[in-house]
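> have a look; sequence and predicted model below, questions after that.
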Amino acid sequence: MATLFEQLEAMTVIVADTGDFNAIEAFRPRDATTNPSLITKAAQMAEYDAVVDGALAWAREQADGSEAIVAKAIDRLAVDFGLKILEVIPGRVSTEVDARLSFDTEGTIAKARELIGMYEAAGASRERILIKIASTWEGIRAAEVLEGEGIHCNLTLLFGLHQAIACAEANTTLISPFVGRILDWYKADTGRDSYPAAEDPGVLSVTEIYNYFKRHGHQTEIMGASFRNLGEITELAGCDLLTIAPKFLEVLHHTEGVLERKLSPETSAARGRDAIAMDEATFRAMHSDNPMATDKLAQGIEGFSAALVQLEALLTARL
């Protein structure tokens, strides 16, 4: 009998959610995603000391003063990890813009252009890079500009339909709704210990977005992310992409059974809700009316920003 991984791979693009390119090489997914927390974790692993030291050495040649050197080194490190990942996957890698720019449209655009420039200077095609940007109104506006320049974007920290619609109307390449973090919020809010997989609030959120996109013909890809259990993954079988941490990839590889397709364009189009015209006022009103999305977006930006502060401290100590 086929493994769950083999069956899932036949209906969904599997993406590795890690900055550890040794783990990526072991599972050989098509794409890979990173974020500040994953890069910070990988940078503390002894096997990547040479990558960290190389980024610092490069940054010393580009800037003066420890603060400026560390800022350059962080970008270099993100790109160097991305380049290493591209060596072992056939598809795309996602590299995240500084989360502290999440409400700064022009700053996000400038940083994305800088990252793409570093990739291209190293010989990587921009077609293989996704720039990750938080799904704030300001971030989505930045992505709209970047997509017009041929810089493809992955809109992350996405928790609500309003964010997804705004991204699709901006013609972003991909969105990453955070399944597990939605579940975390509802468990804390209701006091429940668990939900059946089919009733998981994160699963229901991604399903709603998928149905809406398929009904209205949006080309933006949907990549479920941030999973807390295997059931969340199997309930989203058929989603465009799923980005999965190595611990769950391992389970999928070693588990046999029948995997039912849950999402498909043919059946989902009939289930999507009516179109919502998304302008800034509608976006902010829907966001304000969604306490889960409000809380989790703010927490996500804060968490990724904290990871960058930790990485800055780590690199400063190594100068």
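Looks like it arrived, so ask away. Fair warning: this is a prediction, and the values are worked out from it, not measured in the lab.

> list phi and psi for Gly257.
phi 150, psi 180 (degrees, to the nearest 10).

> nearest spatial neighbour of it, chain-adjacent residues omitted?
Leaving out its chain neighbours, the residue that sits closest to Gly257 by C-beta to C-beta, 6 or more residues apart in numbering is Leu4, at 6.2 Å. C-beta here means a position set from N, CA and C on the backbone, and glycine is covered the same way.

> same question for Met286.
His162 (3.7 Å).

> helices or strands next to the helix or strand harbouring the one you found in the packing?
His162 belongs to helix 161-169 when assigned by DSSP states H and E. Contacts defined by 3 or more C-beta pairs under 8 Å, 6 or more residues apart in numbering; DSSP states H and E place helix 161-169 against helix 137-148, strand 153-158, strand 174-177, helix 201-216, helix 280-288, helix 291-318.

> now with 10 Å?
Applying 3 or more C-beta pairs under 10 Å, 6 or more residues apart in numbering; DSSP states H and E, we find helix 161-169 packed against helix 137-148, strand 153-158, strand 174-177, helix 201-216, strand 221-224, helix 280-288, helix 291-318.

> most tightly packed of these?
Sort the helices and strands packed on helix 161-169 by mean neighbour count, taking mean count of other C-beta atoms under 10 Å, and strand 153-158 sits at the top with a mean of 30.

> alpha carbons of that strand, as PDB, please.
The C-alpha coordinates for strand 153-158 follow below in PDB (Å, rounded to 0.1, in the frame of the first residue of the first chain):
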ATOM      1  CA  CYS A 153       5.400  37.000  -3.400                       C
ATOM      2  CA  ASN A 154       4.200  34.700  -0.700                       C
ATOM      3  CA  LEU A 155       1.800  36.500   1.600                       C
ATOM      4  CA  THR A 156       2.200  35.000   5.000                       C
ATOM      5  CA  LEU A 157       0.700  35.400   8.500                       C
ATOM      6  CA  LEU A 158      -2.700  35.000   6.900                       C
END
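
> what angle separates that strand from helix 201-216?
Angle of strand 153-158 versus helix 201-216, following axes from the mean of the first three to the mean of the last three C-alpha atoms, to 10 degrees, is 140 degrees.

> strands paired with strand 153-158, and their directions?
Note on strand 153-158: by DSSP bridges, its sheet partners are strand 129-134 (parallel), strand 174-177 (parallel).

> would you mind putting those strands into TSV with distance to Met286 alongside?
Converted to TSV, the strands paired with strand 153-158 look like this (distance: least, C-beta to C-beta, whole Å):
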stretch	distance to Met286
strand 129-134	17
strand 174-177	15
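
> want to throw these into TSV with distance to Phe283 and mean pLDDT?
Below are those laid out as TSV (distance: least, C-beta to C-beta, whole Å; pLDDT from 0 to 100):
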stretch	distance to Phe283	mean pLDDT
strand 129-134	14	98
strand 174-177	14	98
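
> if we compare these, which one ends up closest to Glu302?
Evaluated over the strands paired with strand 153-158, closeness to Glu302 peaks at strand 129-134, with 10.9 Å, by C-beta to C-beta.

> chain center to that closest one: distance?
Once both centres are worked out by C-alpha atoms, centre = their mean, to the nearest Å, strand 129-134 turns out to sit 7 Å from its chain's centre.

> can you check stretch 201-209 too?
For stretch 201-209, the distance to the chain centre is 16 Å (C-alpha atoms, centre = their mean).

> could I get it in CSV with only the CA atoms?
Coordinates of the C-alpha atoms in stretch 201-209 are reproduced here as CSV (Å, rounded to 0.1, in the frame of the first residue of the first chain):
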residue,chain,number,x,y,z
PRO,A,201,-11.0,26.0,12.7
GLY,A,202,-7.8,26.3,10.8
VAL,A,203,-8.9,23.6,8.3
LEU,A,204,-12.3,25.2,7.9
SER,A,205,-10.6,28.6,7.2
VAL,A,206,-8.3,27.2,4.5
THR,A,207,-11.3,25.3,3.0
GLU,A,208,-13.3,28.5,2.8
ILE,A,209,-10.5,30.3,1.1
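
> who's in contact with Glu169?
Going by C-beta atoms under 10 Å, 6 or more residues apart in numbering, Glu169 touches 140, 144, 216, 218, 220, 276-279.
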